[in-house]
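Novice: Quick check, what structure comes out for this input:
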Amino acid sequence: MKPPRIEIELAKDQHQFSPSDFLLCEYRLRAVEGLAVQAIETSVLWIAGGKGSEDIGVHFFQRASNDAISPSMLQRPHRISTVLPNSPLSYPGELVSVRWCVRVRMFYGNQQQLIQDHPFVLGDAEAPKNLTKQSNEDTIDGDSIDDAIAPPATVTTPPIDAPHPR
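Specialist: Predicted coordinates:
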């Protein structure tokens, strides 16, 4: 028996978006016949991380619980769509980074879960070549989004000894 998996595909194989763009993707659950699926969560989220803790911001979230899941539902493709926000933009900094992804999480069996992330870029950065890579995870520990995202932004600050504008 093959292990269960989740396949996510962005419409038009697009991996880079501008703020206010419409994100459309489709996901399929594979090799789930005979599994006791309790819930399926879909989300569009960003992860801010660096040399310490990670923060997760959820832009879109949807959950199908046990009473809404049927064998026929598990066999067909499902769509996720949302208008992307103006911020935060993807950012690949050394101390701080912001990464975006579509995430599908399936809860099944005896407290098991399968998570699939599909990364994308929000902003004007050049999309990395490895951005289409996907990976399945059996635990919630760790994120599978590729680390390369957008170029650093330029921030201009006045010199410390400059007079304060009034």
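Novice: C-alpha from now on. contacts and neighbour counts both.
Specialist: OK.
Novice: what about residue 104, distance to residue 41?
Specialist: In this view, residue 104 and residue 41 are 6 Å apart by CA to CA, to the nearest Å.
Novice: Give me the neighbour count for residue 65.
Specialist: Residues lying near residue 65 (other CA atoms under 10 Å) number 13.
Novice: Over to the one 5 residues further on?
Specialist: A count of neighbours around residue 70, defined by other CA under 10 Å, yields 10.
Novice: residues near residue 42, how many?
Specialist: Residue 42 has 22 nearby residues by other CA under 10 Å.
Novice: Check the gap between it and residue 81 for me.
Specialist: 10 Å.
Novice: Residue 41 is in contact with residue 108, isn't it?
Specialist: No. Applying CA atoms under 8 Å, one finds residue 41 not in contact with residue 108, separated by 11.8 Å.
Novice: Name the residues that touch stretch 16-30?
Specialist: The contact list for stretch 16-30 (CA atoms under 8 Å, 6 or more residues apart in numbering) reads 4-11, 74-87, 104, 120-124, 126-127.
Novice: hmm, try it at 7 Å
Specialist: 4-11, 74-86, 120-124, 127 (CA atoms under 7 Å, 6 or more residues apart in numbering).
Novice: What's the ChimeraX syntax to select whichever of the residues you listed are buried?
Specialist: Buried residues within the contacts of stretch 16-30, by 16 or more other CA atoms under 10 Å, are selected in ChimeraX with:
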select :5,6,7,8,9,10,74,80,82,84,120,121,122,123,127
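Novice: Restricted to strands, list the contacts of stretch 16-30.
Specialist: When the contacts of stretch 16-30 are checked against strands (DSSP state E), the matches are 5-10, 78-83, 120-122.
Novice: Between the residues you listed, which sits nearest residue 31?
Specialist: When these are compared for distance to residue 31 (CA to CA), residue 5 comes out closest, at 6.6 Å.
Novice: What does the spatially closest residue to that closest one that is not a sequence neighbour show for phi and psi?
Specialist: Leaving aside its chain neighbours, residue 5 sits nearest to residue 30 (5.1 Å; criterion: CA to CA, 6 or more residues apart in numbering). The phi and psi values for residue 30, taken as degrees, to the nearest 10, are phi -120, psi 150.
Novice: How many neighbouring residues does residue 30 have?
Specialist: 15.
Novice: Now the closest residue to residue 66 other than its chain neighbours: which helix or strand?
Specialist: Of all residues not flanking residue 66 in the chain, residue 38 sits nearest, at 4.6 Å (CA to CA, 6+ apart). Secondary structure assignment for residue 38, by DSSP states H and E: strand 37-50.
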